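Peer 1: The following block contains a protein sequence and its predicted model.
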Amino acid sequence: MVASNAQWDKDCKIDRVIDKLLKHIMDEKPTTARQCIQLLPIIAEHKPNLKDKIVSALLKAEPQKHKESMQKLLFNDIEKSLELIANKQSGK
């Protein structure tokens, strides 16, 4: 829901909660972590001032802390999100 509303966040409400949101990258529930990771490029697109913070959090994530069966999915999600963020920045 946060990502869906990023484009209309003129009051910078997301800016005030971004740290809490980014903690979900490593949520104990891998499904929650995956959903968070997959939506971060939308926030980065509409809130470019938060892009560096988002990228930094993704790069610091440690998917290996999850069950082995989820690690590859999380790594792939992180990789794809970083790629999407980079492509939006370069105008691709």
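Peer 2: Great, that's in hand.
Peer 1: give me the number of residues near residue 76?
Peer 2: Per other Cβ atoms under 10 Å, the neighbour tally for residue 76 reads 13. For the C-beta atoms, the positions are set from N, CA and C on the backbone; glycine is no exception.
Peer 1: who does the helix or strand where it lies touch, helix- and strand-wise?
Peer 2: For residue 76, the host element (DSSP states H and E) is helix 68-90. Counting contacts by 3 or more Cβ pairs under 8 Å, 6 or more residues apart in numbering; DSSP states H and E, helix 68-90 is packed against helix 30-46, helix 51-60.
Peer 1: Any chance of TSV for those, columns mean pLDDT and mean neighbour count?
Peer 2: Below are those laid out as TSV (pLDDT from 0 to 100; neighbours: other Cβ atoms under 10 Å):
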stretch	mean pLDDT	mean neighbour count
helix 30-46	96	20
helix 51-60	98	16
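Peer 1: I'd like to know which of those lies nearest to residue 11.
Peer 2: helix 30-46 (13.4 Å; Cβ to Cβ).
Peer 1: Count the residues that sit near the residue nearest to residue 25 when sequence neighbours are not counted.
Peer 2: Leaving aside its sequence neighbours, residue 25 sits nearest to residue 61 (Cβ to Cβ, 6 or more residues apart in numbering; 5.0 Å). Neighbours of residue 61 under the rule other Cβ under 10 Å: 18.
Peer 1: Quick one, grab the pLDDT at residue 61.
Peer 2: Each residue has a pLDDT score; the one for residue 61 is 97.
Peer 1: now swap in residue 25 and tell me
Peer 2: pLDDT for residue 25: 97.
Peer 1: wait, isn't it in contact with residue 59?
Peer 2: No: here residue 25 does not reach residue 59: they are 10.3 Å apart, not a contact under Cβ atoms under 8 Å.
Peer 1: okay, and the common contacts of the two?
Peer 2: Applying Cβ atoms under 8 Å, 6 or more residues apart in numbering, one finds that no residue jointly contacts residue 25 and residue 59.
Peer 1: Cheers, nothing more for now.
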